[in-house]
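> Mind folding the following:
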Amino acid sequence: MIYFMQESAGNLNIKIGYAKDDAEERRATIQPGNSSHLIVLLTLAGDRKEESRFHRLFAAHEVRREWFRPHPDLVRFIAANWNSGVLSGDPAGNLSCPVERNAVRFLIGLLSEHGCQAFSIRGPLGKEVDEEIKSAIGWTAGLNGQEGMRRVWDTVEEHVRRLYGEDAACGIMSALNYRFSGVGKWAA
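As a prediction, this is how the structure comes out:
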C-alpha cells in the first residue's frame, strides 16, 4: 500500500512511502526518528512502482528522498483521493479539509498517548507540546478561520465525550480551550 504521512508541526512535510501491510505500523517504526508527531493522512492500494510514480509526480515539491513540502498540488491530491483510502474508525473522517483532519488527528493522538490530562499545562506534557498544538490549530485558523477552528473543536469534543464521558469531557475541553485561545480570536 502507498501511504501519505504528515508531520504534525514545523514544516508539516508529507512522506510518500510504501508499506507491505499496515501504514500505522510503518508510522510507528518511523516515529522515533522524527521530532514531530506523524499522522497517516491517506492510504491507497499500490506497490513500489506506484510509490515511484507518486515521487515523480510530486518531484518539484521534494524536500529530501520520500519527504515533500505540503504544496497545494499535493494537498489537493490527498483531499481528492480521501474517500478511497480513509483509515477505518477515523474520528476526523467527516471533515473535508486535510488540514482540519490533521489537527483533529494530532489532538486525539495526544489524548490517546497521554490520557485525559494531555492538554493540561500541569499534565504530563506541560508546555512541552504548546507550540505543536498552537501550530496545528494555527494552520487551521490561517486556512479556514474561526469556522475551521470550530469544526476541529466540535470533532475533538464529540470524540472526547464519547470516549471519556460527560464529566471528564468538561475538564479536558477546558484545558484545550486554553490552548485554542492562544491562537486567533477563539471563543469556545
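> residues contacting Phe119?
107, 110-111, 133, 172, 175-176, 178-179 (C-beta atoms under 8 Å, 6 or more residues apart in numbering). C-beta coordinates here come from the backbone N, C-alpha and C atoms, glycine included.
> and the closest residue to Met5 other than its chain neighbours, which of the three is it?
Distance criterion C-beta to C-beta, 6 or more residues apart in numbering; nearest residue to Met5, sequence neighbours excluded, is Lys15 at 4.5 Å. Secondary structure, DSSP: H, G, I helix; E, B strand; the rest coil: Lys15 is strand.
> what do you get for Ile121?
Quick answer, by three-state DSSP: Ile121 is coil.
> In this structure, what helix or strand scores lowest on average pLDDT?
Counting by mean pLDDT, DSSP states H and E, the chain has its least confident helix or strand at helix 72-80, which shows a mean of 77.
> Which SSE is immediately downstream of that one?
Sequence order places helix 98-114 as the next helix or strand after helix 72-80, per DSSP states H and E.
> Please identify the buried residues of that next one?
98-108, 110-111 (16 or more other C-beta atoms under 10 Å).
> Kindly reformat those as a markdown table containing distance to Asn144.
As requested, these are exported to a markdown table (distance: C-beta to C-beta, whole Å):
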| residue | distance to Asn144 |
| --- | --- |
| Pro98 | 11 |
| Val99 | 7 |
| Glu100 | 7 |
| Arg101 | 12 |
| Asn102 | 12 |
| Ala103 | 10 |
| Val104 | 13 |
| Arg105 | 16 |
| Phe106 | 16 |
| Leu107 | 16 |
| Ile108 | 19 |
| Leu110 | 21 |
| Leu111 | 22 |
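> for the spatially most central residue of the chain, what are its contacts?
Geometric centre of the chain, nearest residue: Asn102, 2.5 Å, by C-alpha atoms, centre = their mean. If you count contacts by C-beta under 8 Å, 6+ apart, Asn102 has them with 6, 8, 12, 39, 41, 92, 136, 139.
> And these, which two are furthest apart?
Leu12 and Ala92 (15.6 Å; C-beta to C-beta).
> out of these two, which sits in the more crowded spot?
Ala92 (25 against 18; other C-beta atoms under 10 Å).
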